[in-house]
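Asks: sequence plus predicted model, see below.
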Amino acid sequence: MILIWKWFIYLSMPCLFCFAFMQFVFLTLLNLISRSLTKKLILKMGEKVTMTQNPKFKYEDWGPTFMSWNFVKTILGHMWTNVGQEAFVGNNAPDSPVITLDGKITSIYNYLKDNRPLVLSFGSCTCPPFMYKLCEFKQLVKDFGDVADFLVVYIAEAHSTDGWVFANNVDITKHRNQEERLAAAQFLVKEDPLCPIVVDEMKDTTASKYGAIPERLYVLQAGKVVYKGKIGPRGYSPEEVRSFLEKMK
């Protein structure tokens, strides 16, 4: 079954990239014809990923970036990283390495306790949907902290200032070493997610094995993947995790 899932990933990635590239071409050409219609379509896309609900951002901060080469290059990079995913529902969860905020090497399994579910939240500070929904994740911690454990895994930035950048966003450049990634994680610490925060290695090992870039939610139990959320930003859904934990509870 794992082999089938991996082949599905390998085959679907080129299709997804072609879709993203054709979207880029279509919006770029449409923008030459009608900027108002282009804006309407991009805003419709933004509704599905909470961008239009986030009061911090206006259309001009993010909308035009979907017609930039940095968008295409970033999407390709995300897909390439996620090709290596090994986490599938019903199978063993990868015990991949992560770094604590004080620089010590640990692993995902060290946060599993007995038979308690462990909710993994992958994300970065420059990803607006992830940060916008952080309050919903924190509410999960409050409501289910008696029956489950929670862990935030800080990964590569989705919208670094030297990449696919959004205006009026957190100013973080692409991490060049582990020290920079640990320092950037302090932005997330300030948001106080009410649970431990760890950082992925510079090789993006954990993000790759969990197919987590740009963000994703998982639930592990007894070393198994029992819930695998869809890839973000659209698929990052604390509401789904809430429903899942309520059934377990």
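Replies: Sure thing, it's come through. Since the structure is predicted, the reported quantities are computational estimates derived from the model, not experimental observations. Numbers count the residues shown, from 1 in each chain.
Asks: roughly how far does the closest residue to Ala185 other than its chain neighbours sit from Phe130?
Replies: Spatial nearest neighbour of Ala185, excluding adjacent residues (C-beta to C-beta, 6 or more residues apart in numbering): Tyr154 at 4.5 Å. For the C-beta atoms, the positions are set from N, CA and C on the backbone; glycine is no exception. Applying C-beta to C-beta, to the nearest Å, the value for Tyr154 to Phe130 is 10 Å.
Asks: output the contacting helices and strands for the helix-or-strand element of the chain with minimal mean pLDDT.
Replies: In the chain, no helix or strand scores lower on mean pLDDT, DSSP states H and E than helix 2-33, which sits at a mean of 84. In terms of contacts (3 or more C-beta pairs under 8 Å, 6 or more residues apart in numbering; DSSP states H and E), helix 2-33 is packed against helix 35-47, helix 69-82.
Asks: any chance you could map the helices in the protein?
Replies: 2-33, 35-47, 59-62, 69-82, 128-132, 134-144, 178-184, 186-189, 205-209, 238-248 (DSSP state H).
Asks: now the last one: average pLDDT?
Replies: The one in question is helix 238-248. On average, the pLDDT along helix 238-248 is 91.
Asks: quick one: common contacting residues for Tyr154 and Phe130?
Replies: Common contacts of Tyr154 and Phe130, defined by C-beta atoms under 8 Å, 6 or more residues apart in numbering, comprise 123-124.
Asks: excluding chain neighbours, give the residue nearest to Ser160 in space.
Replies: Excluding the flanking residues, the one nearest Ser160 by C-beta to C-beta, 6+ apart is Lys174, at 4.4 Å.
Asks: what's the pLDDT at that neighbour?
Replies: 93.
Asks: residues of stretch 221-239 that come out buried?
Replies: 221, 225-229, 231-233, 236, 238 (16 or more other C-beta atoms under 10 Å).
Asks: can you measure across that stretch, start residue to end residue?
Replies: 19 Å (C-alpha to C-alpha, to the nearest Å).
Asks: chain center to it, what's the gap?
Replies: Remark: stretch 221-239 is offset 10 Å from the chain centroid, using C-alpha atoms, centre = their mean, to the nearest Å.
Asks: likewise for stretch 104-113?
Replies: 20 Å.
Asks: mind listing what's buried in it?
Replies: Using 16+ other C-beta under 10 Å as the test for burial, stretch 104-113 gives 108, 111-112.
Asks: between these, which is nearest Ser160?
Replies: Ile108 (24.8 Å; C-beta to C-beta).
Asks: so what's the residue nearest to Ala185 up against?
Replies: By C-beta under 8 Å, 6+ apart, the residues touching Tyr154 are 123-125, 181, 184-185, 188, 197-200.
Asks: so it bridges to which residues?
Replies: Under DSSP bridges, the beta-bridge partners of Tyr154 are Gly123, Val199.
Asks: pretty sure Thr206 is touching Val98, no?
Replies: Yes - assessed by C-beta atoms under 8 Å, Thr206 is found in contact with Val98 at 5.7 Å.
Asks: overlap of the contact sets of those two?
Replies: Taking C-beta under 8 Å, 6+ apart as the contact rule, Thr206 and Val98 both touch 108, 153, 200.
Asks: relative to Lys73, how far out is Ala20?
Replies: To Lys73, Ala20 is 11 Å away according to C-beta to C-beta.
Asks: please identify which of those two sits among more neighbours.
Replies: Ala20 (18 against 12; other C-beta atoms under 10 Å).
Asks: that one touches Thr74, doesn't it?
Replies: No - if you go by C-beta under 8 Å, Ala20 and Thr74 don't touch, sitting 9.6 Å apart.
Asks: list the contacts for the residue nearest the centre of the chain?
Replies: The centroid of the chain falls nearest to Glu215 when counting by C-alpha atoms, centre = their mean (0.7 Å). Contact criterion C-beta under 8 Å, 6+ apart gives 121-124, 127, 129-130, 158, 231-233, 236 as the residues in contact with Glu215.
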